[in-house]
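1. 3D model of this:
(2 chains)
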2 protein chains.
Amino acid sequence: MAAADTVETIDVKHALSGAVAAGTRVLVRGWVRTRRDSKAGLSFVNLSDGSCFDAIQVVAPNTLPNYENEILHLTSGCALAAEGELVASQGKGQSFELQASRVEVLGWVDDPETYPIQPKPHSPEFLREVAHLRPRTNLFGAVTRVRHTLANAVHRFFHERGYFWVNTPIITTSDAEGAGQMFRVSTLDLMNLPRTDKGAIDFSRDFFGKETFLTVSGQLNVEAYCLALSKVYTFGPTFRAENSHTTRHLAEFWMIEPEIAFADLAEDARVAEELLKYVFKAVLAERADDMAFFADRVEKTAVSRLEAFVEAPFERIEYTDAVEILKKSGRKFEYAVEWGADLQTEHERFLTEEHVGRPVVVTNYPEKIKAFYMRLNDDGRTVAAMDVLAPGIGEIVGGSQREERLDVLDRRMAQFGLDPAHYQWYRDFRRYGTVPHAGFGLGFERLVVYVCGLGNIRDAIPYPRAPGSAEF
Amino acid sequence: MAAADTVETIDVKHALSGAVAAGTRVLVRGWVRTRRDSKAGLSFVNLSDGSCFDAIQVVAPNTLPNYENEILHLTSGCALAAEGELVASQGKGQSFELQASRVEVLGWVDDPETYPIQPKPHSPEFLREVAHLRPRTNLFGAVTRVRHTLANAVHRFFHERGYFWVNTPIITTSDAEGAGQMFRVSTLDLMNLPRTDKGAIDFSRDFFGKETFLTVSGQLNVEAYCLALSKVYTFGPTFRAENSHTTRHLAEFWMIEPEIAFADLAEDARVAEELLKYVFKAVLAERADDMAFFADRVEKTAVSRLEAFVEAPFERIEYTDAVEILKKSGRKFEYAVEWGADLQTEHERFLTEEHVGRPVVVTNYPEKIKAFYMRLNDDGRTVAAMDVLAPGIGEIVGGSQREERLDVLDRRMAQFGLDPAHYQWYRDFRRYGTVPHAGFGLGFERLVVYVCGLGNIRDAIPYPRAPGSAEF
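-> Residues are numbered from 1 along each chain as shown, chains lettered A, B, ... in the order given. You can find the predicted model right below:
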């Protein structure tokens, strides 16, 4: 529609997609990836704006007034605005390119030789040290777009099904499930701590009037909303102050926790299966460019295993049967398999990868190894818990039906040594209109790791927090 | 499609919407709001499942086997499953009702007389004390659904326009802008604090190896992603450890912060206007039921002011002109109006409500009263900052074009007494391919307060955190 003398400002994504007709005069802006000069007096500048995986090739002729002084000095990372005609590209793998009639340098790179993001592969370890610049790489640009697409698909999935997003508190006085070490949140002056008569720290003089922590899970809080609005979910940051220096743990990570009224464990597992397939389909459909990159450069099954995942009906296996299968496997495991012990990653991966060959939901775990709020089964020795195990990663979802019977809940709390006084509000849900309900937790960064085929969870979140590490 | 002897389990929303044909046998589940018994041997039970504002009327005849023993004892808050035929309702304001052939009580209310959520109005103050039960009220059910709808519309708005959601860190070593008091995050043993040789607290022995805090803003962190992916936004929790006991402040609140590469202040304001109108249109279209309740019971202009908002082009006024307008208004303000001083709420409300009568974007504030990262204008005494002011609330959005020139940024940091060593990574964005960019912040709970017409921001978030208050 643009007249010959008007210029349309467009994203690289739109320039490359065919959405804008060849012959249109356009303006694109972005950052130089590479520059190559031909003997014929043309420079080919690959320009990325992050809107999609590919950069657009800007063809700059030596007739441009700033060709000698500027264009021939462009290096990786320089910022440009380039205007010209969009034309079908002759080069392979390129749909369109820009024949530039004007190139404006918006920002140079100070001391190009020391610029950390050179047009060559960098190790993930090095890039973590420059986490503020790593989104400029192919890898982290792709991770960011895929992470966004997964998150957006999560919200869409729940919204379309009538779930409400509930923002549970980050600062809390409760420890959710005694699940792990917590971070203290405080404004007390450490050089001058208030004390009680007995010499203890006087948290009544802290900001909230009591000792507070960062949440480890929004589940108990979101149950309140489930038991009024029926279908709800959390999607927010959670924390663990554990001294884990592994490739699978973060001190700060995002978690998705749906909570579903009137649902039993089978329904819970059905929703988890549907959710995972929905978000994987979304990323295959919407981020084919980035997924092709992951399959090419990071993990060769990145695409094929998601395609297999969305097609495969999940298997269901009871924990008790899983133990038998593992015992009869003839496999030597590092950790012994025994009824009553939790399954280790090696067991989980055997079940999903070798025994079944597709995702598996393991159900009904021994009550002693699961949290107090999980519903006791009629056998008296297992609870209605489930883990979803997937080939290539092991556990990806953990959930349960919740104990809705007050007397059973109280017995379980006593058994775990929990003080009922701390849980009066949670007990209220069982005193007032209790109903069967269930939910699960999905660690968002583990999902990103799985989809992208990453080797370290610290590369699945923009600014990873881990022991000794909270830069930027 | 259901055969006469099958039963479809449906939400109350679907039962009332006409999506399910009259005559269908359905099962609904939810919680009793009220029960009324007629002399004709029928009980009318209003059942809510939170899927929409309205409850469905379940008509239970005295021919049901548990009529005498159970149905006549139902009280507010009891949980039911009711099965029967969906029929067009004779009652006014009701589209459909359920002629029950079976009513199962899932959960009773323990000691109905002391159940905090009685079928009568409760004060918001009282309901804050039972925040775990307040979603069961009409008010908080509506707030929850509207909050969800606003949040979902925010994600949709950005996704449709090619923005990527970036999860910036919650735990941070930087203080963003020196904007306010921060909460310390630590795992140090307060009874046994490690000390340096000089007697200071030895944070090298804390979890992250240095002193860490809860973030006050994701802006500086998200700029890294803006300067690689062009269009990004944050939507996450932020924190202020200020001892504010007002109806407008929370210690923990959610913030939305888009950051837009190649944008100037005018473009920034345009995106803010488009975003606000988009989410208000969404809530008017998708939550007409809840909005009618707010207009009826909470704030009579709740609907009309949003309708006016989405129709009105925003006015633009320069700060310098705004000061002149206020001085010439003849109005006596509590705070004097003077060039160089920040506008107070009374000034903002005069401008938007009385002078213009619709939303106003005030631009180009004195540089001394705005943050160091805002772009210095050519006049040398103002910065490219903006506030969006709206009738009925005052400031709702604050933003700016960012200072992309390293030399100017360094001068501004020196002027504010900031240590450049703490901001080396932020300075890198200006050393390496700097471009004009802009962004703004929208406090999500203030948006909820505005839309719902609430009197206190503590009612706009599920579990409010404020000085002395971190219950549940």
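
2. for the rest of this, base every contact and every neighbour count on C-alpha atoms.
-> Will do.

3. pull the contacting residues for the nearest residue to residue A:349 once chain neighbours are set aside.
-> Using CA to CA, 6 or more residues apart in numbering or on different chains and skipping the chain neighbours, the partner closest in space to residue A:349 is residue A:394 (5.1 Å). By CA atoms under 8 Å, 6 or more residues apart in numbering or on different chains, residue A:394 lies in contact with A:345, A:348, A:349, A:352, A:388.

4. chain B versus the first one, what's the distance?
-> Spelled out, that is residue A:345. Going from residue A:345 to chain B by CA to the nearest CA, to the nearest Å gives 27 Å.

5. residues near that residue, how many?
-> When neighbours are counted by other CA atoms under 10 Å in any protein chain shown, residue A:345 registers 14.

6. now the second one
-> By the other CA under 10 Å criterion, the neighbourhood of residue A:348 contains 24 residues.

7. picking that back up, let me know the closest of the contacts of residue A:394 to residue A:219.
-> Residue A:219 lies nearest to residue A:388 out of the contacts of residue A:394, by CA to CA, at 18.1 Å.

8. check what pLDDT that closest one gets.
-> For residue A:388, the model assigns a pLDDT of 98.

9. residue A:352 is in contact with that one, correct?
-> No: contact criterion CA atoms under 8 Å: residue A:388 and residue A:352 do not qualify, at 9.3 Å.

10. verify the contact between residue A:310 and residue A:282 for me.
-> No: contact between residue A:310 and residue A:282 fails when scored by CA under 8 Å: they sit 10.5 Å apart.

11. just list what the helix or strand where residue A:385 lies packs against, helices and strands only.
-> If you go by DSSP states H and E, residue A:385 is part of strand A:382-390. Applying 3 or more CA pairs under 8 Å, 6 or more residues apart in numbering or on different chains; DSSP states H and E, we find strand A:382-390 packed against helix A:265-286, helix A:345-349, strand A:360-366, strand A:394-401.

12. tell me what angle the last one forms with strand A:382-390.
-> When axes from the mean of the first three to the mean of the last three CA atoms, to 10 degrees is applied, the directions of strand A:394-401 and strand A:382-390 differ by 150 degrees.

13. strand partners of strand A:394-401, parallel vs antiparallel please.
-> In the sheet, strand A:394-401 lines up against strand A:382-390 (antiparallel), strand A:437-443 (antiparallel) (DSSP bridges).

14. please tell me how far the closest residue to residue A:358 other than its chain neighbours sits from residue A:326.
-> Excluding the flanking residues, the one nearest residue A:358 by CA to CA, 6+ apart is residue A:352, at 5.6 Å. Residue A:352 sits 11 Å away from residue A:326, going by CA to CA, to the nearest Å.

15. of those two, which one has the most company?
-> Neighbours were counted for residue A:352 and for residue A:326 using other CA under 10 Å; residue A:352 has more, 25 against 21.

16. correct me if wrong, but that one is in a helix.
-> Yes: judged by DSSP: H, G, I helix; E, B strand; the rest coil, residue A:352 forms part of a helix.

17. and for residue A:356, the neighbour number?
-> 15.

18. chain center to the strand holding residue A:385, what's the gap?
-> Relative to its chain's centre, strand A:382-390 lies at 21 Å (CA atoms, centre = their mean, to the nearest Å).

19. between it and strand A:360-366, what angle do the directions make?
-> 150 degrees.

20. what's the spacing between the nearest residue to residue A:261 once chain neighbours are set aside and chain B?
-> By the measure of CA to CA, 6+ apart, the closest residue to residue A:261 outside its immediate chain neighbours is residue A:437, 4.3 Å from it. Separation of residue A:437 from chain B (CA to the nearest CA): 11 Å.

21. and if you look at residue A:183?
-> Distance from residue A:183 to chain B, by CA to the nearest CA: 5 Å.

22. quick one: contacts for that residue?
-> Neighbours of residue A:183 in contact, by CA under 8 Å, 6+ apart: A:213, A:214, A:239, A:240, A:241, B:185, B:186, B:187.

23. report the contact partners of the last one.
-> The reference is to residue B:187. A:182, A:183, A:184, A:241, B:206, B:207.

24. what residues does the stretch 301-450 of chain A put near chain B?
-> The stretch 301-450 of chain A has residues A:425, A:430, A:431, A:432, A:433, A:434, A:435 near chain B, with proximity defined as CA under 8 Å from any CA of the partner chain.

25. what is the burial count for the nearest residue to residue A:9 once chain neighbours are set aside?
-> Distances taken as CA to CA, 6+ apart put residue A:27 closest to residue A:9, at 4.6 Å, once the chain neighbours are dropped. Counted with other CA under 10 Å, residues neighbouring residue A:27 total 22.
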